[in-house]
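Novice: let me see the structure of the following:
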Amino acid sequence: MMRFALILGILFGLLHESQAQVGVYSASGSWVHVKIKAKTPGTATNRSFTEDFSDNRNRWLIGRRGAYAFDMSQNTYRIYKQASDSPASAFSYISIPTALNLNKVDTFMVQVELAGPSGIIPDAGLLIGVKDSLNYCHFRINNKNQVSVKYVINGLSYTIYMRGDYVPAGIPLSATKNTLTVRRKGEQIHFYLNGREIPTSPYQFRQYQGNGIGFVSTTDGTTFRNLTVSVGTTSR
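Specialist: Next up is the predicted model:
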């Protein structure tokens, strides 16, 4: 009898210990506190910024500034020339979120569609890495079927690196729409026109002075659509 009582006591003790470990609750409704380790949120493979120009939530330049006027309508950003004899180019840019810092990722892509008025190929292009009007990189086309890639610091361009000379595009330009794409892949940066890489690309990537993106033009009535920026998550 004593042996049976001893065995029964051991069994009850083991059952009580098991309940405390797994956190079950009793019939009386009282709960055993269980500390659960929080899940680590999954990390996205990329982050992106898109601009469809349906409104001006990103504060693009609007109105007349110097020799140009800037407008937004019908999901398009437009640049108009107000002084036909002005040699200056129109610049418009915004700062993108710090989470999309183009200097701190190993991969990124910036892309935009542009067009001129009435089937004219515009002298216009894409700005990236913009700090201000004296610090930027541009990827630009003109109506002579040429392209220009230029890197500017404090108003000065390099003599051999992205010097900005217009060179043959090697790719037919369209009179209705052209797509400019810039991609960074590791230590190189590539430039594409209508899905094809231009002859002078790629270049060695060099740090930008700023993190703005935008547009440049000297052609009256240039339009821009479907601006996209996407970046990877690998930090430099």
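
Novice: so what touches the helix or strand hosting V112?
Specialist: Element membership of V112 [criterion: DSSP states H and E] is strand 107-115. Here strand 107-115 makes contact (CB atoms under 8 Å, 6 or more residues apart in numbering) with 100, 102, 122, 124-126, 128, 141, 176-186, 213, 215, 222-232, 234. C-beta coordinates here come from the backbone N, C-alpha and C atoms, glycine included.

Novice: any buried residues in the helix or strand just after it, and which?
Specialist: Sequence order places strand 124-132 as the next helix or strand after strand 107-115, per DSSP H and E. Of all the residues in strand 124-132, those buried under the rule 16 or more other CB atoms under 10 Å are A124, G125, L126, L127, I128, G129, V130, K131.

Novice: walk me through which strands strand 124-132 pairs with, and which way each runs.
Specialist: In the sheet, strand 124-132 lines up against strand 135-142 (antiparallel), strand 212-217 (antiparallel) (DSSP bridges).

Novice: what angle sits between that strand and strand 107-115?
Specialist: 130 degrees (axes from the mean of the first three to the mean of the last three CA atoms, to 10 degrees).

Novice: now the helix or strand containing V229: mean pLDDT?
Specialist: According to DSSP H and E, V229 maps onto strand 222-232. Strand 222-232 carries an average pLDDT of 95.

Novice: show me what it is packed against.
Specialist: On a contact count with 3 or more CB pairs under 8 Å, 6 or more residues apart in numbering; DSSP states H and E, strand 222-232 meets strand 46-51, strand 76-81, strand 107-115, strand 212-217.

Novice: out of those strands, which comes closest to P172?
Specialist: Closest approach to P172 among those (CB to CB): strand 107-115, 14.9 Å.

Novice: the closest one: how far from the chain's middle?
Specialist: 9 Å (CA atoms, centre = their mean, to the nearest Å).

Novice: distance to V152 added to the buried residues of strand 124-132, as TSV?
Specialist: Formatted as TSV, the buried residues of strand 124-132 follow (distance: CB to CB, whole Å):
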residue	distance to V152
A124	17
G125	13
L126	14
L127	10
I128	12
G129	10
V130	10
K131	10
